[in-house]
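Engineer: coords below, sequence missing:
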């Protein structure tokens, strides 16, 4: 097969696999694993569009900055400009968005995906340099391109993928330089490694590794220093320039991005993190088939080198040393950032993915394969046998990473804020209004969907609520379904500090009050002049309707009357209201207000659950854990919750409100009631 034909075949394979993995998801808003980080990068691109492509003033939609680490979001700012690593791969998508007049996510995703294709093609070319084999190189590309974590971010928003591609391109040109001695190849090597390092700091490591190897080669007089001076100097000056400029941005405007080391707190903590990484991400980095294949080739290459006493060629030794230096650098970096690895799977792509793929190239280069028809046939069969399961695994991984449930705050936030831009436009909220957003789990997601800048409050505590209410904001927005559980339960005085002006069923728009106004919760929510369409209450002292189940009671204690409900340790499900005849939810979507008094011994881990099953499928499911809502031990406490129910369109449905006893706890219940509006 001629080299030109081989290149076309490699390109076809790379495109086929990539399109197979991503054609369903190319237009998807950042919404699944690490949607927080991805939405921040998407917001940077939108920020460049809005600031007329001013590269040196990167901004997102967040006016809330973090001067030290992500636990201390205490810095409200008038500017949304933020310090960030060289934002080249946010800026280029912004250019295309500006040209097309469209800021849809597919533009950003397609840019990252196409850049990954370029990186994979250069990986193929890099492998060909060291293996001199089309089949070994195709195997290497398929191995790298089917890593589940690589596949997920391959069409995403993070700068990791294009930076990784640039690092691969740089090492390709360095390999060409070792064989040809051409300064042009060395210059391209430094250019692409510098671009990789500027956009993602971890890729300083392969750049420093190349600098170090070339310094050794200069000392050994294998090459001269003079020809390296200009590209090395330009690289260092470029990195230092942006480092200082970024420090200036951080000092003047703050940052929403992490900029500090996060090592393990102790040796025991390090062991726990290693276990978490293995458990959470082990088969996301590579599948079991990847690990088996890598292990077989690694030990087979060692066996060949030792048994045949094969001596490495000079360039092979340099390549192996480069891999070892890069591995060492990333090992040191991983120690400094170990706590990030447990929660951030993409840190693997920023670190060990590259040297592992380079090591794979080195190991397969040691293993000889013939060039006759039998060897070719066996190579093709082996590649197919490897490719089919790893491609299927990566495809399944794409689906599994998008499976979400009621526990996903990102999914709920996306659903609640969808179409919020047009809603705010319709009620006359200015595009320049500053929005205070409570419960902004991924800070830029609600702001992006509202297309407004503001202060996203991530973690709600009494302190954070009081502090943020004193800031200069025009409107406060909260998600209706989380208001009672996450805001009101923490800071009941909120109803006197702000005034609700309207809502669309999913989010409420409020304005700050100059002077506190006393009002009840029902008045604040706007239900004081509305009669419930349906209501039911379980007091245990009165006769109750048949829809109530699991109504065990006790006269041992009560909140009101003489009897209360009890949930015993042997009960999986507690008090339940279940019906197939609730006409209210057949007519329209409804707001369900729930309240009850609970008493527990402090070990309570029960959920209050509302579900709607339609045609045998789960149409709605929302659960709130009482552990954070019942704060005192052995004392009656009231819990208020709000649920936003969808309209059911079928006569085959079932509504249920119940207590789920997750850990065999004891719980007392009284005045358990709900109303539909």
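Structural biologist: Now that the structure is in, tell me what you want to look at. These numbers were taken from a predicted model, which means no experiment stands behind them.

Engineer: for residue 77, what are its contacts?
Structural biologist: For residue 77, the contacting residues are 63, 64, 65, 253, 254, by C-beta atoms under 8 Å, 6 or more residues apart in numbering. C-beta coordinates here come from the backbone N, C-alpha and C atoms, glycine included.

Engineer: if we go to 6 Å?
Structural biologist: With contact taken as C-beta atoms under 6 Å, 6 or more residues apart in numbering, residue 77 is in contact with 63, 65, 254.

Engineer: the first one: neighbour count?
Structural biologist: Counted with other C-beta atoms under 10 Å, the burial measure for residue 63 works out to 26 neighbours.

Engineer: residue contacts, it?
Structural biologist: By C-beta under 6 Å, 6+ apart, the residues touching residue 63 are 77, 80, 453, 454, 455.

Engineer: what do you get if the cut-off is 8 Å, keeping everything else the same?
Structural biologist: Neighbours of residue 63 in contact, by C-beta under 8 Å, 6+ apart: 76, 77, 78, 79, 80, 434, 453, 454, 455.

Engineer: ok, back up a step: closest one of the contacts of residue 77 to residue 521?
Structural biologist: Using C-beta to C-beta, residue 63 comes nearest to residue 521 of the contacts of residue 77, at 29.5 Å.

Engineer: any idea how far residue 599 is from the closest one?
Structural biologist: 42 Å (C-beta to C-beta, to the nearest Å).

Engineer: how about the contacts of residue 77 in CSV, adding secondary structure, pLDDT and distance to residue 21?
Structural biologist: Conversion of those to CSV gives the following (DSSP: H, G, I helix; E, B strand; the rest coil; pLDDT from 0 to 100; distance: C-beta to C-beta, whole Å):
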residue, secondary structure, pLDDT, distance to residue 21
63, coil, 93, 36
65, strand, 80, 36
254, coil, 88, 37
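
Engineer: is it possible to get JSON lines of those that adds distance to residue 613?
Structural biologist: Converted to JSON lines, the contacts of residue 77 look like this (distance: C-beta to C-beta, whole Å):
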{"residue": "63", "distance to residue 613": "42"}
{"residue": "65", "distance to residue 613": "45"}
{"residue": "254", "distance to residue 613": "47"}
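
Engineer: burial of residue 599, as a residue count?
Structural biologist: By other C-beta under 10 Å, the residues close to residue 599 number 22.

Engineer: quick check, it in a strand?
Structural biologist: Yes - counting by DSSP: H, G, I helix; E, B strand; the rest coil, residue 599 is part of a strand.

Engineer: pLDDT at it, what is it?
Structural biologist: The model reports residue 599 with a pLDDT of 94.

Engineer: which helix or strand in this structure has the lowest average pLDDT?
Structural biologist: Least confident helix or strand, the chain: strand 75-76 with a mean of 80, by mean pLDDT, DSSP states H and E.

Engineer: residues in contact with that strand?
Structural biologist: Strand 75-76 is touched from outside by 63, 64, 65, 66, 67, 254, 455, 468, 471, 472, with contacts defined as C-beta under 8 Å, 6+ apart.

Engineer: if I pick residue 486, what's in contact with it?
Structural biologist: Contacts of residue 486 (C-beta under 8 Å, 6+ apart): 438, 439, 460.

Engineer: just residue 603 next, same as before
Structural biologist: Residue 603 neighbours (C-beta under 8 Å, 6+ apart): 663, 665.

Engineer: what do you get for residue 600?
Structural biologist: 626, 630, 633, 634, 665, 666, 667, 668.

Engineer: measure residue 123 to residue 360 for me?
Structural biologist: 10 Å.

Engineer: wait, I meant residue 13
Structural biologist: Distance of residue 13 to residue 360, given as C-beta to C-beta: 17 Å.

Engineer: could you do residue 547 as well?
Structural biologist: 62 Å.

Engineer: who's more crowded, those two?
Structural biologist: residue 360 (23 against 16).

Engineer: please identify the helix or strand for that one.
Structural biologist: For residue 360, the host element (DSSP states H and E) is helix 353-366.

Engineer: who are the packing partners of that helix?
Structural biologist: Helix 353-366 is packed against helix 105-131, helix 134-145, helix 160-180, helix 288-307, helix 314-336, with contacts defined by 3 or more C-beta pairs under 8 Å, 6 or more residues apart in numbering; DSSP states H and E.

Engineer: now for those helices, which one comes closest to residue 582?
Structural biologist: Nearest to residue 582 among these is helix 105-131 (37.9 Å), distances taken as C-beta to C-beta.

Engineer: could you dump the contacts of residue 486 to CSV with neighbour count, secondary structure and distance to residue 378?
Structural biologist: As requested, those are exported to CSV (neighbours: other C-beta atoms under 10 Å; DSSP: H, G, I helix; E, B strand; the rest coil; distance: C-beta to C-beta, whole Å):
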residue, neighbour count, secondary structure, distance to residue 378
438, 26, strand, 62
439, 23, coil, 58
460, 20, coil, 61
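
Engineer: closest one of these to residue 611?
Structural biologist: residue 439 (22.0 Å).

Engineer: look up how far residue 489 lies from the closest one.
Structural biologist: Separation of residue 439 from residue 489 (C-beta to C-beta): 12 Å.

Engineer: in stretch 503-521, which residues are buried?
Structural biologist: Judged by neighbour count (16 or more other C-beta atoms under 10 Å), stretch 503-521 contains these buried residues: 503, 504, 505, 506, 507, 508, 509, 510, 512, 521.

Engineer: centre of the chain to it, how far?
Structural biologist: Centroid separation for stretch 503-521 versus its chain: 32 Å, with C-alpha atoms, centre = their mean, to the nearest Å.

Engineer: in whatever helix or strand comes next after the helix holding residue 360, what counts as buried?
Structural biologist: Downstream of helix 353-366, the first helix or strand assigned by DSSP H and E is helix 373-400. Residues 379, 383, 386, 387, 390, 391, 393, 394, 395, 397, 398 are the ones in helix 373-400 that count as buried (16+ other C-beta under 10 Å).

Engineer: which residue packs closest to the first one, ignoring adjacent ones?
Structural biologist: By the measure of C-beta to C-beta, 6 or more residues apart in numbering, the closest residue to residue 379 outside its immediate chain neighbours is residue 135, 4.0 Å from it.

Engineer: what's the burial count for the one you found?
Structural biologist: Residue 135 has 19 neighbouring residues, counting by other C-beta under 10 Å.

Engineer: contacts only, for it.
Structural biologist: With C-beta under 8 Å, 6+ apart, residue 135 has these contacts: 369, 376, 379, 380, 383.

Engineer: same check on residue 300?
Structural biologist: 363, 367 are the contacts of residue 300 under C-beta under 8 Å, 6+ apart.

Engineer: so the residue lying farthest from the centre of the chain, which state does it fall into?
Structural biologist: The C-alpha centroid of the chain is most remote from residue 562, which lies 50.5 Å away (C-alpha atoms, centre = their mean). Counting by three-state DSSP, the backbone at residue 562 sits in coil.

Engineer: report the separation between it and residue 595.
Structural biologist: 21 Å.

Engineer: and this protein, what are its domains?
Structural biologist: 3-400, 409-525, 534-676 (automatic domain parsing).

Engineer: so how far is the longest one off the chain centroid?
Structural biologist: Read that as domain 3-400. On C-alpha atoms, centre = their mean, the centre of domain 3-400 falls 18 Å from that of its chain.

Engineer: got the end-to-end distance for that domain?
Structural biologist: 38 Å (C-alpha to C-alpha, to the nearest Å).

Engineer: where does pLDDT dip in the stretch 1-150 of the chain?
Structural biologist: Within the stretch 1-150 of the chain, the segments meeting pLDDT under 70 span 1, 66-74.

Engineer: dump the helices and strands packed on helix 353-366 into JSON lines; add distance to residue 265 as well.
Structural biologist: Output for these, formatted as JSON lines (distance: least, C-beta to C-beta, whole Å):
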{"stretch": "helix 105-131", "distance to residue 265": "34"}
{"stretch": "helix 134-145", "distance to residue 265": "34"}
{"stretch": "helix 160-180", "distance to residue 265": "26"}
{"stretch": "helix 288-307", "distance to residue 265": "30"}
{"stretch": "helix 314-336", "distance to residue 265": "13"}
